[in-house]
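1. here's a sequence, model it:
(3 chains)
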Amino acid sequence: MPELAEVEYYRKRWDCGIGAVIHAVHLHPAKRVFRGTSTSAIRKALPGSVLLGSEAQGKQMLFRFSNGIWLGLHLGMTGELRTAKPGLPPGKHDHLILYQETKALVFSDPRQFGRVRFHLGAAPPRWWLDLPVPLTSKQFTRKLMAAFLQHHNKLSLKGALLLQEGFPGLGNWMADEILWRARLAPRTLTGQLTSAELGNLWRAIRFVCREAIRSLSRGYSAFPAGWLFHQRWDRRGRCPRHGRPLSRETVGGRTSAWCRACQPARKQ
DNA sequence: TACTCTGTTGAATA
DNA sequence: TTATTCAACAGAGT
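-> Numbering: from 1, shown residues only, chains lettered A, B, ... in the order given. Here you go, the predicted model:
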């Protein structure tokens, strides 16, 4: 379920491989996760290099290796990173495995909506440098958010929150959590928001992003009680505030869960 | 068995 | 130009 917080969670799983040499690489060139990427370049470059570190930004991850090698990873909908024993035989959906002396770094993704990118150079790849401002950074101001929403003022709020160029890292459940916390209905048009509502939305984004990352860093069980998160997967889920059954409908192309009492629809 | 649903995103279409 | 729809894919659920 890789949204911003989970991406960070998975990224750290390869931390234990930092400082060690990659001595072999496993991959299948035909797999969709390598679309647009030269697998022969990966095969040629990586063996002999050392994993130096990694970063996550939104749903994107970038792994840095010695010899000016960079690997960009996106988890799509079902991707995950893990480590395994050094002799691990590749499983059906293990698309990329980096073998080290004492462990194997594994990228797997059954549905292959994820992606692997390769870059060679002293500086990070262009696409990484051009990523939008992170939601947890100082640069993500209320003003910046309001300007983005104004640019898409015909879109539902739910649809807008899913646009990665404005809200990098948000996915379906985080968007629902944010709207519930800000007491805004998913179908509200972005152009209709009052200044106070914009403030609530901005604060909810900051809060949900920070808290999700913080609690996930301690494992999935640490997710805070009282979040919509715990209810939204269940068809009979209820609003954590007062126990009303949640509404579930497609908004902005995605299944959305919200409470009609706390998040009333706008009068037209 | 057959059909529906799913945490993403980018290409095609309106 | 921007918003919506659909396909890419695989597995789980009904």
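2. interface residues of the stretch 51-200 of chain A facing DNA strand C?
-> The stretch 51-200 of chain A comes close to DNA strand C at residues A:92-93, A:110-113, A:151-156, A:159, as judged by C-beta under 7 Å from any atom of the strand. For the C-beta atoms, the positions are set from N, CA and C on the backbone; glycine is no exception.
3. so which of these comes closest to DNA strand B?
-> Of all these, A:F113 has the smallest distance to DNA strand B: 3.8 Å, by C-beta to the nearest atom of the strand.
4. what sits against the closest residue to that closest one other than its chain neighbours?
-> Leaving aside its chain neighbours, A:F113 sits nearest to A:G76 (3.0 Å; criterion: C-beta to C-beta, 6 or more residues apart in numbering). Neighbour list for A:G76: A:2, A:33, A:109, A:111-115 [criterion: C-beta atoms under 8 Å, 6 or more residues apart in numbering].
5. and the pLDDT for the residue in the stretch 1-150 of chain A positioned nearest to DNA strand C?
-> Using C-beta to the nearest atom of the strand, the closest approach of the stretch 1-150 of chain A to DNA strand C is made by A:R111 at 3.5 Å. pLDDT recorded at A:R111 is 94.
6. surely it meets A:T78?
-> Yes. Using C-beta atoms under 8 Å, A:R111 makes contact with A:T78 at a distance of 4.5 Å.
7. can I have the buried ones of the contacts of A:G76 as a PyMOL selection?
-> Of these, the buried ones go into a single PyMOL selection, burial set by 16 or more other C-beta atoms under 10 Å:
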select buried, chain A and resi 2+33+109+112+114+115
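8. mind checking which of the contacts of A:G76 land in helices?
-> In helices, defined here by DSSP state H, there are no members of the contacts of A:G76.
9. narrow the contacts of A:G76 to those in strands?
-> A:R115 (DSSP state E).
10. of all the contacts of A:G76, which comes closest to A:P47?
-> Set against A:P47, the nearest of these by C-beta to C-beta is A:V33 (19.8 Å).
11. contacting residues around the residue of the stretch 1-150 of chain A closest to DNA strand C?
-> Applying C-beta under 8 Å, 6+ apart, the residues near A:R111 are A:76-78.
12. tally of neighbours for the closest residue to A:V50 other than its chain neighbours?
-> Counting by C-beta to C-beta, 6+ apart, A:V50 lies nearest to A:S66, which is 4.4 Å off, once chain neighbours are set aside. The number of residues packed near A:S66 is 12, by other C-beta atoms under 10 Å.
13. which phi and psi does A:S66 have?
-> Here is the backbone geometry of A:S66 (degrees, to the nearest 10): phi -70, psi 170.
14. what does A:R254 give?
-> phi -130, psi 150.
15. distance of the residue nearest to it when sequence neighbours are not counted from A:V50?
-> Closest residue in space to A:R254, ignoring its immediate chain neighbours: A:N172 at 5.0 Å, by C-beta to C-beta, 6+ apart. According to C-beta to C-beta, to the nearest Å, A:N172 and A:V50 sit 37 Å apart.
16. so between the two, which is more surrounded?
-> Using other C-beta under 10 Å as the criterion, A:N172 and A:V50 rank with A:N172 on top: 20 against 16.
17. got the contact list for that one?
-> Counting by C-beta under 8 Å, 6+ apart, A:N172 has contacts A:3, A:162, A:254-256.
18. chain center to stretch A:38-49, what's the gap?
-> A distance of 26 Å separates the C-alpha centroid of stretch A:38-49 from that of its chain, computed with C-alpha atoms, centre = their mean, to the nearest Å.
19. same check, this time on stretch A:6-20
-> With C-alpha atoms, centre = their mean as the basis, stretch A:6-20 stands 15 Å off its chain's centre.
20. who touches that stretch?
-> Under C-beta under 8 Å, 6+ apart, the answer for stretch A:6-20 is A:2, A:50-56, A:58-61, A:63, A:75, A:79-83, A:98, A:100-103, A:105, A:169, A:213, A:216-217.
21. report the buried members of those.
-> A:2, A:50-51, A:54, A:56, A:58-61, A:63, A:75, A:79-81, A:83, A:98, A:100, A:103, A:105, A:169, A:213, A:216.
22. please narrow the residues you listed to those residing in strands.
-> Residues of the buried ones among the contacts of stretch A:6-20 located in strands (DSSP E): A:51, A:54, A:56, A:60-61, A:63, A:80-81, A:83, A:98, A:105.
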